[in-house]
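*Asks:* Model the structure of this input:
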Amino acid sequence: MCNQATRGRCISIKGIPLENGDWLNPPLSAELIGSEFIITAKEKTDFWQKTSYGLIHNSSHALLNDFPEESSLEASWILDYKHQFDHAGLMVYSDETNWIKVGVEFADGIPQLGAVVTRGISDWSVAPVPNWMDMEVTMRFSRSGDALTIRVKCGGNWQFVR
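*Replies:* Model (predicted):
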């Protein structure tokens with residue numbers, strides 16, 4: 001999931017053959033040019049399930065592919081957001097009520113590292129990361145059996161997210 005309300009630019013995605021994926025809610029456009037994956041997202045799209053304020057959304061864009069046990073995937077992008085709710089990240093999707101998305105979102109004037117775990121109801125955690133603006137962010141999902149480990153780095157060492 002590398003989406004921005006305007007135009008997203010992933011520097012690279014490792015561990016996933018993009019050509020074989022299937023779009024859940026296709027974006028306006030998506031092009032794989034060398035190691036860059038350029039996505040133009042539709043506005044006002046998102047994934048949420050039964051939040052405390054009643055939101056249910058299954059409209060955002062996700063390029064779905066198999067995620068085998070004992071594997072990992074990474075995505076890197078430049079965090080150059082300008083608009084409220086511009087975001088990029090990764091998602092593990094089972095069905096519309098069971099998924100995890102982790103990314104960096106521009107909210108309230110600064111980038112925020114967020115994770116949403118959904119098992120019928122979405123649970124969101126967030127942390128401001130203002131020093132990440134205009135830097136390269138790399139996110140990694142690692143799967144071992146049914147366990148998922150999520151790490152991120154931006155100009156330094158890997159940090160554990162979930």
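*Asks:* Show me what S122 bridges to in the sheet.
*Replies:* T118 (DSSP bridges).
*Asks:* and it, what does it touch?
*Replies:* Contact analysis of S122 by Cβ atoms under 8 Å, 6 or more residues apart in numbering lists F47, W48, Q49, K50, T51, L55, V116. In this view, the C-beta of every residue, glycine as well, is placed from N, C-alpha and C.
*Asks:* Report how many residues lie close to the second one.
*Replies:* By other Cβ atoms under 10 Å, 19 other residues sit near W48.
*Asks:* contacting residues around it?
*Replies:* So W48 contacts L55, I56, H57, V116, T118, S122 (Cβ under 8 Å, 6+ apart).
*Asks:* What is the nearest of the contacts of S122 to G21?
*Replies:* Using Cβ to Cβ, F47 comes nearest to G21 of these, at 16.6 Å.
*Asks:* Show me what the residue sitting nearest the centre point of the chain bridges to in the sheet.
*Replies:* Centroid-nearest residue in the chain: G89, 1.9 Å away (criterion: Cα atoms, centre = their mean). Taking DSSP bridges as the rule, G89 bridges to G103.
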